[in-house]
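Participant: Return a 3D structure for these sequence lines:
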Amino acid sequence: MPVISVVIPVYNKEKFIENTIYSVLNQTLSDFELIIVDDSSTDKSLSIIDSIKDKRIKTYSIKNSGVSKSRNYGVEKSTSNLIAFLDADDLWKNNHLEQLYKLYLENPSCGMYAMSYIKNVNFKSYKKSYFGLSNFSGILENFFTSSSVDCIASSSSVMIPLNVFKKINGFNENLKKREDTALWIKIALNYKIAFSTITTVEIVITEHGNHLSKSHENPWYFFDLFKFQEQNNVDLKKFLDLNRFSEAINFKLNKEHNNFKIITKSINYRNLNFKQKILIKTPFRILLFLKKIQSYLLEKNIYITTFK
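Facilitator: Below is the predicted model of the structure:
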């Protein structure tokens, strides 16, 4: 049995998947299995995957079912007690699994283990994530407060014990977005989380134009999942309000006025900082202009955020 099972969901990632796979195969901790789940790609992703020969790779194909189903299916096919996840366009440094396993050995009773990551935005700039921690390795005092700027966990930086993953029923297959955040919340509400500020992951973020994409998913479903827990957990409430703020800005940029009004009514404005309170009241045209300025600054390797 391998020490770690690595699960990669794939859908139309022909430009990235080869480098992603080799970032796994080149790990200093070599005792792993790599489970790749192709979700009915229509490009050359599957042929690229099949061209890479390594006995540790196991490839499966499923009918177009979404990233949550793909990840859950990959876990079902795993044979290890520890599951690490990686998105098909992200990269690991060669010490990622070694550092994750070290974190696990030092803190064996946690429900999730996470490494620090950097963000590659539009292939033009790198932004180091901010967690308010430095030279830290161990159990977090509070996952939600530590994730108030950048989330401690990402779908390419975590490892979860198999028994924990099964107990909380894995990724919610009814969610088309924030499915990873929903999982982190469920784990954080029930288990301790270990984290290291050693950066071992590069996350690729592509922004298309100045608008965020619209989703056909019920925008309230994610938040409704935790509506009872947040009533008695002020840290979770703030974490969710910050997510509501992001969704509200998305609604305004996409001129979804009714959704904007509904979601802002659920926000406790004491959980927002000064910049966020100003932006949420900013007219559409000014907000769009500010978004363009942010995109321009990103190209100059200058990253500005409302979260700090």
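Participant: Would you map the strands across this protein?
Facilitator: Ranges of strands in the chain, per DSSP state E, are 4-10, 32-38, 57-61, 82-85, 91-92, 112-121, 125-128, 137-139, 158-161, 193-205.
Participant: Tell me which of these sits most buried.
Facilitator: Highest mean neighbour count of the strands of the chain: strand 4-10, a mean of 25 (counted as mean count of other C-beta atoms under 10 Å). Any C-beta I mention is one placed from the backbone N, CA and C, and that applies to glycine too.
Participant: what lines up beside that strand in the sheet?
Facilitator: strand 32-38 (parallel), strand 82-85 (parallel) (DSSP bridges).
Participant: what are the ranges of the helices in the protein?
Facilitator: Ranges of helices within the chain are 17-25, 45-51, 67-76, 96-106, 143-146, 162-167, 179-190, 221-224, 234-253, 257-265, 274-280, 284-299, based on DSSP state H.
Participant: just checking, what packs against the fourth one?
Facilitator: The contact analysis (3 or more C-beta pairs under 8 Å, 6 or more residues apart in numbering; DSSP states H and E) places helix 96-106 against strand 4-10, strand 82-85, strand 112-121, strand 137-139, strand 158-161, strand 193-205.
Participant: Show me the shaky parts of this structure.
Facilitator: 123-127, 207-217 (pLDDT under 70).
Participant: Contacts only, for residue 52.
Facilitator: Neighbouring residues of residue 52 by C-beta atoms under 8 Å, 6 or more residues apart in numbering: 18, 21, 22, 25.
Participant: And residue 42, by the same measure?
Facilitator: residue 12.
Participant: what's near enough to touch the spatially closest residue to residue 59 that is not a sequence neighbour?
Facilitator: Of all residues not flanking residue 59 in the chain, residue 36 sits nearest, at 4.8 Å (C-beta to C-beta, 6 or more residues apart in numbering). Going by C-beta under 8 Å, 6+ apart, residue 36 touches 8, 10, 21, 49, 57, 58, 59, 60, 74.
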